[in-house]
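Visitor: Below: sequence and its predicted model.
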Amino acid sequence: MQSIPVLSSSKTKMKHKPKHLRIDQIAGYGFIMPTVILLSMFVFYPFFQSIYLSFFMTDPLGNVVKFVGFQNYVELFTDKEFLNSLKITFLFTVFTVPTGIFIALILAVLTNNKSKGMRGFQFIFALPIAMSVGTSSIIWLLLFNPTAGVLNYLLNVVGVESIQWLTNPDWALLSISIMTIWMGLGLDFIILLAGLQAIPDDLYESAKIDGAGSLTIFTKITIPLLSPTIFFVLIISVINALQAFGQFNVLTGGGPMKSTNVFVFSLYQEAFVNFQFGLGSTRAFVLFVIIVLLTWIQFKVGEKKVHYQ
């Protein structure tokens, strides 16, 4: 007789448990629904709409006029300007990504101590992260001014002739690369400094007791333990470089002689200047594929050299 209430109470609990689970599930869906709606409106729908438009010819208002299949893709890969924009984009990536990471790493290592005044240096080196692309571009536009710019003034002081930073095809891409390295320095510096501060001090102390020098400690301890952070910075830096647009639009407008006509700027020109939304969508989808492939290659090749603790 005593076992009956026990069984009935357990059955009662089993009946009530699914209701609580349903309430928790509904609450969970309610919390994530705003994010899903925003992503659907501003990420997923534009993405699939872009793929859809890449198979059509459109009028200046973006309305579909004619189905052309893969014609837009054929025209794109046979267009010399498209191939040139790819070349310029990859050159820009090579100029900015390794140099930016190297400089940020050196600055992070130099300021990763508790010496007096280091907080001030850390603040200064991280400051570019607070600057928007437009603001940074205007500042560097003044610095690059061929007659009144500070850079040419400093060159003239040491006896070097002025450089046409943004109007000479040989210097334009390099000039914007210098500006981009400075602009991305803040984020790279903060991430790498955080990675350095996560390395236990005991490892450094043990290495010093064993007689290891600064170079040995840096190559055998710091770099291996910091490799996951460096790998992360590499991934986001490559993606940002491939998507660069604002500084090119403000500083050179794709010139001179299309020497800075990077991929995203050519996409912008095709879609929002020439009003060829089909071709513009084709370029956007190709850029997406390139970013995915490069990211996959980096994970397949680079992650093997990453040392996780």
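Guide: Received the coordinates, thanks. Numbering: from 1, shown residues only.

Visitor: Am I right that G149 is in contact with L143?
Guide: Yes. In this structure, G149 is within contact of L143 by C-beta atoms under 8 Å, at 5.3 Å. All C-beta atoms are positioned from the backbone trio N, CA, C, and that covers glycine.

Visitor: need the contact list for F121.
Guide: F121 sits next to L110, T111 when contact means C-beta atoms under 8 Å, 6 or more residues apart in numbering.

Visitor: Tally up the residues packed near I230, please.
Guide: The number of residues packed near I230 is 20, by other C-beta atoms under 10 Å.

Visitor: what helix or strand is it on?
Guide: Per DSSP states H and E, I230 falls inside helix 223-242.

Visitor: Which parts of the stretch 201-309 of the chain are helices?
Guide: 201-209, 214-217, 223-242, 246-251, 263-268, 277-302 (DSSP state H, counting those that start in this stretch).

Visitor: what helices or strands is the shortest one leaning on?
Guide: If I follow you right, that is helix 214-217. helix 201-209 (3 or more C-beta pairs under 8 Å, 6 or more residues apart in numbering; DSSP states H and E).

Visitor: Please enumerate residues in contact with the helix it packs on?
Guide: Counting by C-beta under 8 Å, 6+ apart, T216, I217, K220, I221, L225 sit against helix 201-209.

Visitor: biggest separation within these, which pair?
Guide: T216 and L225 (13.9 Å; C-beta to C-beta).

Visitor: of the two, who's got more company?
Guide: L225 (18 against 12).

Visitor: Now the nearest residue to the more buried one once chain neighbours are set aside: which helix or strand?
Guide: Once flanking residues are discounted, L225 sits nearest to I199: 4.9 Å by C-beta to C-beta, 6 or more residues apart in numbering. Counting by DSSP H and E, no helix or strand carries I199.

Visitor: what's the answer for G184, then?
Guide: helix 169-197.

Visitor: buried residues in that helix?
Guide: Of the residues in helix 169-197, 171-193, 195-196 count as buried by neighbour count, 16 or more other C-beta atoms under 10 Å.

Visitor: Tell me which other helices or strands it touches.
Guide: helix 80-111, helix 118-126, helix 133-143, helix 223-242, helix 246-251.

Visitor: Could you export the last one as PDB, CA atoms only?
Guide: Pointing back at helix 246-251 there. Extracted as PDB, the C-alpha positions of helix 246-251 are listed here (Å, rounded to 0.1, in the frame of the first residue of the first chain):
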ATOM      1  CA  GLY A 246      36.100  52.800 -47.700                       C
ATOM      2  CA  GLN A 247      39.700  54.000 -47.900                       C
ATOM      3  CA  PHE A 248      39.900  53.400 -51.600                       C
ATOM      4  CA  ASN A 249      36.600  55.200 -52.200                       C
ATOM      5  CA  VAL A 250      37.800  58.300 -50.200                       C
ATOM      6  CA  LEU A 251      41.500  58.400 -51.100                       C
END
